[in-house]
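> Take this sequence and fold it.
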Amino acid sequence: MIEPVKELNKAINADLNLAPPIDPALASCKKTLIIISSVLLALTFSGAKVTEANTFIFKIIFTNPTSINTLLLLSIGYLLLRYNSISHFYTDNYKKQFATRVLDNKFFRRYDSHNDVVDGFIPDLLKPKIYINDDKYKHSNHSYLDYDLKVRLFFNAYIDLTEYDEQSNPYLYRFYLIGSKDKFQYLFALGIMFSHWFLEQFRQRDFLELYSPMFIGFIAVYSSVWVRLVS
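Just a heads-up that it's a prediction; the model follows:
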């Protein structure tokens, strides 16, 4: 039995174009975001104040140093939006590869070569609508299934499935993991996804390269706002 999605996953992992070198615009925005966020964190926790700034042409003296934090907050907000926009292509491909690694876990799907069937959490989830082991999918040259896992925020993860008939007409379906009849299986699936995500933080360089600037930016904004509220 040929499982189309498995071949698709191999193509995704083998395609080096899905992880191209970081472009100059993204690198520049990343550097600026980290620097400004670090400055705001230093000002927030050390209590220091910026009173003047030297430029190549003239010196700037700030008459209201406390407003510098507001300026930095606005700058970080803009940079976060810009960074998210530029990095969207890279984060989408990272999510695809992450979802592929999750689906490799035999809990989600496993092929029984002896009985020529695919079983696991995903076939059970699809069964009310699509029986993945139907002969028309296993032996037909035209009818087949193609599905992808969308992790999102874990609890609202879902399967996007496309069914193609003998005329190659696509029929789209969406199955949320939380819709599983067996809630213990659903919780176990969430646990597997979260454990994969947790391990990615230490094993995958892409995660730190893409997400660390946003983490630093959000921490700087949250810390600065929190200090203002409690002071």
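
> What residue in this protein is the furthest from its centre?
Most distant from the centre of the chain: Phe58, at 44.2 Å, with distances by Cα atoms, centre = their mean.

> Now do the buried residues in the particular helix or strand that has Ile36 in it.
Element membership for Ile36 (DSSP states H and E) is helix 24-46. For helix 24-46, a neighbour-count test (16 or more other Cβ atoms under 10 Å) marks 26, 29-30, 32-34, 36-37, 39-41, 43-44 as buried. Any C-beta I mention is one placed from the backbone N, CA and C, and that applies to glycine too.

> And for stretch 87-100?
Applying 16+ other Cβ under 10 Å to stretch 87-100 flags Ser87, Tyr90, Asn93, Tyr94, Lys96, Gln97, Phe98, Ala99, Thr100 as buried.

> cool, stretch 99-118 as well?
Ala99, Thr100, Val102, Leu103, Asn105, Phe108, Arg109, Val118.

> hmm, back to that, secondary structure and distance to Phe207 added to the buried residues of stretch 87-100, as a markdown table?
Shown next, in a markdown table, are the buried residues of stretch 87-100 (DSSP: H, G, I helix; E, B strand; the rest coil; distance: Cβ to Cβ, whole Å):
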| residue | secondary structure | distance to Phe207 |
| --- | --- | --- |
| Ser87 | coil | 12 |
| Tyr90 | helix | 11 |
| Asn93 | helix | 12 |
| Tyr94 | helix | 7 |
| Lys96 | helix | 14 |
| Gln97 | helix | 11 |
| Phe98 | helix | 9 |
| Ala99 | helix | 14 |
| Thr100 | helix | 15 |
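
> Identify, from those residues, the entry nearest to Val225.
Distance to Val225 across the buried residues of stretch 87-100 (Cβ to Cβ) is lowest for Ser87, with 23.8 Å.

> tell me the phi and psi of that closest one?
When read as degrees, to the nearest 10, the backbone of Ser87 gives phi -90, psi 0.

> Next: Arg174.
Main-chain torsions, Arg174, degrees, to the nearest 10: phi -130, psi 130.

> partners of it in the sheet?
Asp160 (DSSP bridges).

> which residues does Tyr173 contact?
With contact set as Cβ atoms under 8 Å, 6 or more residues apart in numbering, Tyr173 has these partners: Lys129, Ile130, Asp160, Leu161, Thr162, Glu163.

> just Arg110 next, same as before
For Arg110, the contact set (Cβ under 8 Å, 6+ apart) comprises Val118, Asp119, Gly120.

> still on that earlier bit, closest one of the buried residues of stretch 87-100 to Glu209?
Tyr90 (8.5 Å).

> which non-adjacent residue is nearest that closest one?
Counting by Cβ to Cβ, 6 or more residues apart in numbering, Tyr90 lies nearest to Leu210, which is 5.7 Å off, once chain neighbours are set aside.

> what about that neighbour, which SS state?
Put simply, Leu210 is helix when judged by DSSP: H, G, I helix; E, B strand; the rest coil.

> Next: the one 4 residues further on.
Under three-state DSSP, Met214 falls in the helix class.
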